[in-house]
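Peer 1: Give me a model of this one.
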Amino acid sequence: MSLDELTAPPADRSTSRFPAGCSSRTVLTHVTSKWGVLVLLSLEQRSLRWGELRREIEGISEKMLAATLKTLEADGIVHREAQGTIPPRVDYSLTPRGLDLARHLVPLMDWIFDNADDIVAGR
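Peer 2: Now for the predicted structure:
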């Protein structure tokens with residue numbers, strides 16, 4: 001389904017613009033989760049190791065980082081590269097699709113940073 005199809009008013013009032021089974025909703029859930037966005041933005045400039053990601057994304061639990069990375073890897077957005085070294089080393093980076101996605105998220109995050117204090121203060 002294209003963005004134009006999603007944003008156009010439905011021709012038939014009984015038809016939803018955002019059908020539950022639409023694959024875009026699955027990807028949207030993965031990408032726009034709080035941790036998904038932060039992982040994507042953390043990896044946008046360079047690859048990082050597990051511990052570096054944990055320090056970069058303050059407050060994320062090991063369990064949530066593992067789950068988020070696993071989901072984004074399965075979606076073809078994050079690349080996991082295990083090095084055959086002792087101790088083990090695993091590097092995470094964005095795939096070309098992940099880089100494209102992160103570059104679309106940067107303007108959104110810029111807007112959020114510019115407006116967050118005023119929005120929260122106005123509550």
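Peer 1: Distance of residue 25 relative to residue 62?
Peer 2: Going from residue 25 to residue 62 by CB to CB, to the nearest Å gives 28 Å. Where C-beta positions appear, they are placed from N, C-alpha and C, glycine not excepted.
Peer 1: let me redo that: residue 104
Peer 2: Residue 104 is 28 Å from residue 62, by CB to CB.
Peer 1: So residue 94 sits against residue 45, correct?
Peer 2: No. Judged on CB atoms under 8 Å, residue 94 makes no contact with residue 45 at a distance of 9.6 Å.
Peer 1: rewinding a little: tell me which of residue 25 and residue 62 has more neighbours.
Peer 2: residue 25 (14 against 9; other CB atoms under 10 Å).
Peer 1: what about residue 29, how many neighbours?
Peer 2: Residue 29: 11 neighbours (other CB under 10 Å).
Peer 1: tell me the phi and psi of it?
Peer 2: Backbone geometry at residue 29, expressed as degrees, to the nearest 10, gives phi -60, psi -40.
Peer 1: For the chain, spot the helix or strand the model is least confident about on average.
Peer 2: Least confident element among the helices and strands of the chain, by mean pLDDT, DSSP states H and E: helix 3-7 (a mean of 56).
Peer 1: Could you tell me which residues make contact with the residue nearest to residue 77 when sequence neighbours are not counted?
Peer 2: Leaving aside its sequence neighbours, residue 77 sits nearest to residue 98 (CB to CB, 6 or more residues apart in numbering; 4.0 Å). Counting by CB atoms under 8 Å, 6 or more residues apart in numbering, residue 98 touches 40, 43, 72, 76-79.
Peer 1: Remind me which helix or strand residue 98 belongs to.
Peer 2: In this assignment (DSSP states H and E), residue 98 forms part of helix 96-121.
Peer 1: And the strands in this structure?
Peer 2: Under the criterion DSSP state E, the chain carries strands at the ranges 48-49, 78-83, 89-94.
Peer 1: Which of these sits closest to residue 15?
Peer 2: Closest to residue 15 of the strands of the chain, according to CB to CB: strand 78-83, at 34.6 Å.
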